[in-house]
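Trainee: sharing a model prediction with you, sequence too.
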Amino acid sequence: MEDWVMRAVDFIRDHSVWAGPIVFVLAFGESLAFLSLFIPAWGALVAIGAMVGMSEVSFWPVWLAGAAGAALGDWLSYWIGFTFKDRIAKLWPLSRYPDMLPRAEAFVRKWGVPGIFIGRFSGPLRATVPLAAGIFEMPYLQFQIANVTSALVWSAVLLLFGDALSKIGGWLWGLI
């Protein structure tokens with residue numbers, strides 16, 4: 001899968017106009033329950049962030065595309081959990097890890113709205129917290145406020161981290 005991500009990053013390097021739509025899809029896949037296991041988008045977002053400032057990739061549209069994709073992925077995960085409730089635990093990969101949903105439920109019940117925000121930044125929790133919030137019927141408005149704000153912060157952090165790494169790398173390269 002890493003090869004696919006690197007091809008996407010290379011494509012954006014050559015066709016910067018596609019940065020927003022590709023970041024949207026990557027962030028959506030990274031945030032959607034089940035699909036997030038196969039799409040390691042956080043690394044791609046850091047790499048794309050490194051292109052910000054060094055190429056024609058503009059921060060603002062890419063940031064908003066990443067946030068929108070992440071928020072939509074979590075919203076859909078919440079909806080799947082809310083709609084299918086107990087049947088979710090019987091699906092792969094959750095059926096192979098029966099303790100995953102109870103742990104996510106305990107996390108959501110303990111932390112509430114901040115738990116949605118925290119879950120966005122933790123790989124194992126990223127895919128299960130919105131699903132658990134839907135299954136256990138966290139109030140929709142509370143979930144969405146945490147979902148959207150955490151998606152905005154998550155997207156910005158990954159992109160700015162990549163941008164900072166590229167600037168530090170350029171500075172270090174200049175010292176050599």
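Mentor: Yes, it's here. Computed from a predicted structure; not experimentally measured.

Trainee: chain center to the biggest helix by length in the chain, what's the gap?
Mentor: The helix that spans the most residues within the chain, counting by DSSP state H, is helix 140-175. Relative to the centre of its chain, helix 140-175 is centred 11 Å away, using C-alpha atoms, centre = their mean, to the nearest Å.

Trainee: other SSEs contacting that helix?
Mentor: Counting by 3 or more C-beta pairs under 8 Å, 6 or more residues apart in numbering; DSSP states H and E, the packing neighbours recorded for helix 140-175 are helix 19-31, helix 41-51, helix 59-84, helix 113-120, helix 123-135. (Glycine included, C-beta is placed from N, CA and C.)

Trainee: show me which residues of the first one are buried.
Mentor: Going back to what we said before, that points to helix 19-31. By neighbour count, and taking 16 or more other C-beta atoms under 10 Å as the criterion, the buried residues in helix 19-31 are A19, G20, I22, V23, F24, V25, L26, A27, F28, G29, E30, S31.

Trainee: tilt between that helix and helix 123-135?
Mentor: Using axes from the mean of the first three to the mean of the last three C-alpha atoms, to 10 degrees, the inter-axis angle of helix 19-31 relative to helix 123-135 is 80 degrees.

Trainee: dump the buried residues of helix 19-31 to JSON lines, plus pLDDT and distance to W75.
Mentor: As requested, the buried residues of helix 19-31 are exported to JSON lines (pLDDT from 0 to 100; distance: C-beta to C-beta, whole Å):
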{"residue": "A19", "pLDDT": "90", "distance to W75": "23"}
{"residue": "G20", "pLDDT": "93", "distance to W75": "19"}
{"residue": "I22", "pLDDT": "92", "distance to W75": "20"}
{"residue": "V23", "pLDDT": "93", "distance to W75": "17"}
{"residue": "F24", "pLDDT": "96", "distance to W75": "14"}
{"residue": "V25", "pLDDT": "93", "distance to W75": "15"}
{"residue": "L26", "pLDDT": "91", "distance to W75": "17"}
{"residue": "A27", "pLDDT": "94", "distance to W75": "12"}
{"residue": "F28", "pLDDT": "94", "distance to W75": "10"}
{"residue": "G29", "pLDDT": "91", "distance to W75": "14"}
{"residue": "E30", "pLDDT": "89", "distance to W75": "14"}
{"residue": "S31", "pLDDT": "91", "distance to W75": "9"}
